[in-house]
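1. Below are the sequence and a predicted model for it; my questions follow.
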Amino acid sequence: MPLLLLLLGFFFPRLIIAVLYFFTGWFRDGFDGVLLPILGFLFMPITLLWYGLVQYYYGGDWSTIPTIGIVIAVLLDLGLIGRGAKRKRA
């Protein structure tokens, strides 16, 4: 089941963000306000999911794994990894 949620989060990050926001306390515990989740939802959803995961499960401790994960999430959101880079070259 966690693998399925991970795949859904990769392919449909905004759907997972909405589900987590409305049906769990995940974002309320990880963020102080509403502005950062809204901006993340609009512009960088995979990064928002990873940031929320680090805040919730790692307690905000930015060690090696969370830091590598946030770098990968930002690159995915900016399109530097995956389909976005291929589309720009063609």
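-> Perfect, I can see it now. Numbers count the residues shown, from 1 in each chain.

2. Surely Phe41 and Ile16 touch.
-> No: look at Phe41 against Ile16 with CB atoms under 8 Å: they stay out of range, at 10.6 Å. No exception for glycine: its C-beta is placed from N, CA and C like everyone else's.

3. burial measure for the nearest residue to Ala18 once chain neighbours are set aside, as a count.
-> In this structure, Ala18 finds its nearest non-sequential neighbour in Phe41, 7.9 Å apart by CB to CB, 6 or more residues apart in numbering. Using other CB atoms under 10 Å, Phe41 is surrounded by 17 other residues.

4. Tell me the spacing between Leu3 and Gly9.
-> Distance of Leu3 to Gly9, computed by CB to CB, to the nearest Å: 11 Å.

5. for Tyr58, same thing?
-> Separation of Tyr58 from Gly9 (CB to CB) stands at 17 Å.

6. Neighbour count for these two, which is higher?
-> More crowded of Tyr58 and Gly9, by other CB under 10 Å: Gly9, with 20 against 13.

7. which residues touch the more buried one?
-> Counting by CB atoms under 8 Å, 6 or more residues apart in numbering, Gly9 touches 16, 46, 49.

8. got it, and Leu48?
-> By CB under 8 Å, 6+ apart, the neighbours of Leu48 are 13, 17, 36-37, 40-41.

9. Could you say which helix or strand holds it?
-> For Leu48, the host element (DSSP states H and E) is helix 45-57.

10. list the buried ones in that helix?
-> Within helix 45-57, the residues that count as buried by 16 or more other CB atoms under 10 Å are 45-56.

11. Tell me the one of the residues you listed nearest Gly69?
-> Distances from Gly69 to the buried residues of helix 45-57, taken as CB to CB, are shortest for Trp50 (5.1 Å).
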